[in-house]
Structures are given as C-alpha cells and as structure tokens.
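A.B. asks: Sequence and computational prediction follow.
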Amino acid sequence: MTHSRIRSIVFGLALVATVFTTVSCASGSPAGGVAEPAGFVAESSATPTATATPKPVILVKNVDVSEPIPFGAVSVDDGNLDVGQSAITTNGSNGTKTTTWAVTTVDGVETGRTVVSSVMSVAPVDQVTSVGTRVPPPPPAPEPAPIADGGGCDSNYSGPCVPIASDVDCAGGSGNGPAYVSGPVYVVGADIYDLDRDGDGVACDK
C-alpha cells in the first residue's frame, strides 16, 4: 500500500468521525440550536398565580352585663319614739341593672361596643329610719316623806302638817327633802325650814 492510499483512508475516517459528531449533537439539541448544558431547566412561560389575601372574620354578638344600683336613705317622723331616739325600720338593699351590649370583634379582638338596651331587673329598696318626735311627760313629783314614829307637826306652821325632820321642802319644788309638805302652809312662828321664800306669811303657795 502506498503512502497516498494510506492518507486517503485516514482522511476518510476523520471525515466520517466529524459527520458522526455533528449528527449526534444535532439530535440532542433543539432544532437549529445549540445543545443546553447538563442540569439546565427551561423557564416556563406560564403566568404565576397571585396569592389570595385572607378576609378578616367579623362577628357581632350581644353580651349582658349586670351592675348594682345603690339604695337610698330616707327619714320619717315617728310619734311612738321620744325626741332624740331613732331606729331603722326598713333595711335598704341594692337593686340590679342589666345592660345589653352589641360587641364587635375582628379576628377575635374586640373593636367596639354599643348599648342595645338597659333595664332595671331588680329595684332597690330605700333604707327607712324613724326619728322620734314624742315629748316625754315630766317625772312625777316626789311623795312627801312619812312622819317618823313619835314625830308630829311643827308648831311654827299651821294648816297642813309640817313634819318635824332634818329638812322640809315644798312638794313639787326643787328641794331635796328628805320631808315634804303640800301648801299653802301658814307661818305662825319661825320659818325654820325657809318655806316662805317671798316672806308674805304663806308658804308653798306656788
């Protein structure tokens, strides 16, 4: 075999290898394009979907709230009690008011409230105090002390018996005894008990 023949064979083999490589590359690439590198992902031409915003949860519900109503206090005159005395004749008690509210919440958080209604469910009871107006009668006058055994009537006086004692006062007066006499009593001697204060001779006449 001559050298020219050998060169022709080598040239032919090289040409075949070139054609084979070209065909292999063309079969793995897009038509008319160049083969993409390994791991390449073609970008999608689809339009992305927008994420929806969640709507807030709005609730309105009625809520009842109870609160006390303080009781009042009044006084009334009572003729069965003496002046200066008083007594509670009716005990006071609180009432109850119920208010209905419309409460608005957004996602569980209260955002506002308004009054729907307000009613008195229990009425309060006033406390009543009775105040005495009765004037008590004056205390009774002390009774004249009895005449001691063996005693008698003082001879300095006539009329009602003026007992013989350590001291004698007019009954119903301001004296403190221990013996008393009811007038009028006439002074006929010495006014030893000082019964005739005005000196007109007649004692215990007022």
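C.D. replies: Good, I have the coordinates.

A.B. asks: ok, then the element right after the biggest strand by length in the chain?
C.D. replies: Criterion DSSP state E: the longest strand present in the chain is strand 109-122. Of the helices and strands lying after strand 109-122 in sequence (DSSP states H and E), the nearest is strand 127-134.

A.B. asks: What residues of that following strand count as buried?
C.D. replies: 127, 128, 129, 130, 132 (16 or more other C-beta atoms under 10 Å). Every C-beta, even on glycine, is put in place using the N, C-alpha and C of the backbone.

A.B. asks: Then stretch 95-103?
C.D. replies: Result for stretch 95-103 [16+ other C-beta under 10 Å]: buried residues 97, 101.

A.B. asks: follow-up on the earlier one: redo the buried residues of strand 127-134 as TSV? Include distance to residue 102 and pLDDT.
C.D. replies: Putting the buried residues of strand 127-134 into TSV (distance: C-beta to C-beta, whole Å; pLDDT from 0 to 100) gives the following:
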residue	distance to residue 102	pLDDT
127	36	97
128	40	97
129	43	97
130	47	96
132	53	94
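
A.B. asks: Enumerate every residue touching the residue nearest to the spatial centre of the chain.
C.D. replies: Nearest residue to the geometric centre of the chain (C-alpha atoms, centre = their mean): residue 68, 6.7 Å. Residues near residue 68 by C-beta atoms under 8 Å, 6 or more residues apart in numbering: 94, 95, 96, 97.

A.B. asks: Kindly state the beta-bridge partners for it.
C.D. replies: Here residue 68 sits in beta bridges with residue 96, going by DSSP bridges.
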